[in-house]
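Engineer: structure for this input, please:
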Amino acid sequence: MRFSLDKLLAAFGNIRATERTHVDNYTEDIINSIKDEAFAISEKNVLYASTKELGGYYYVITITVGSFKIKTMKGAKLSIEGKNFSLDLKSDMDEFESDYSNVSNRFITRIDFQIEKEDVEKFNKVHIKSLQLIAKKHTIDFKTIKN
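Structural biologist: Residues are numbered from 1 along each chain as shown. The predicted model follows:
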């Protein structure tokens, strides 16, 4: 009922209701834009991940959906343990925060990590055993989902 009440209040010009409606639409769009299959899972979170190339730079794009909630200006680290290798990736930006979604009743956090071109091939469910997301005082251990 709150969601429809927010729309009604927003129609009458209530600024706070407008902001809540905007955030709900924004997070719903993020959820709907996730085209990748779930990459890894933890006790209370699901990690969606893929690699992208942009202007000669390579990134691991991650979206965490679940109980993970953060607002930081200190960045994050993604530690990857694979078969015969390990990688420590640093977030592309130091400042990011989670968005709350009334739609899924969860938090959504997008973090992009820098990766070297030669390591892109290693970022595959077949080669990775586990991932660890470290940000602020949070440490989340993920296990890859094997198909």
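
Engineer: the most centrally placed residue in the chain bridge partners, please.
Structural biologist: Nearest to the mean C-alpha position of the chain, by C-alpha atoms, centre = their mean, lies I63 at 2.1 Å. Beta-bridge pairing for I63 (DSSP bridges): Y48, R110.

Engineer: wait, it touches T109, no?
Structural biologist: Yes. Here I63 reaches T109: they are 7.1 Å apart, a contact under C-beta atoms under 8 Å. For every residue, glycine as well, the C-beta is placed using N, CA and C.

Engineer: before we move on, back to that, do you know how far the residue nearest to the centre of the chain is from K83?
Structural biologist: According to C-beta to C-beta, to the nearest Å, I63 stands 25 Å off from K83.

Engineer: same question for V60.
Structural biologist: V60 is 18 Å from K83, by C-beta to C-beta.

Engineer: so for these two, which sits in the more crowded spot?
Structural biologist: For V60 versus K83, the count of surrounding residues by other C-beta atoms under 10 Å is larger for V60: 24 against 9.

Engineer: secondary structure element for that one, which one?
Structural biologist: Using DSSP states H and E, V60 falls within strand 57-66.

Engineer: what are the buried residues along that strand?
Structural biologist: Using 16 or more other C-beta atoms under 10 Å as the test for burial, strand 57-66 gives 58-66.
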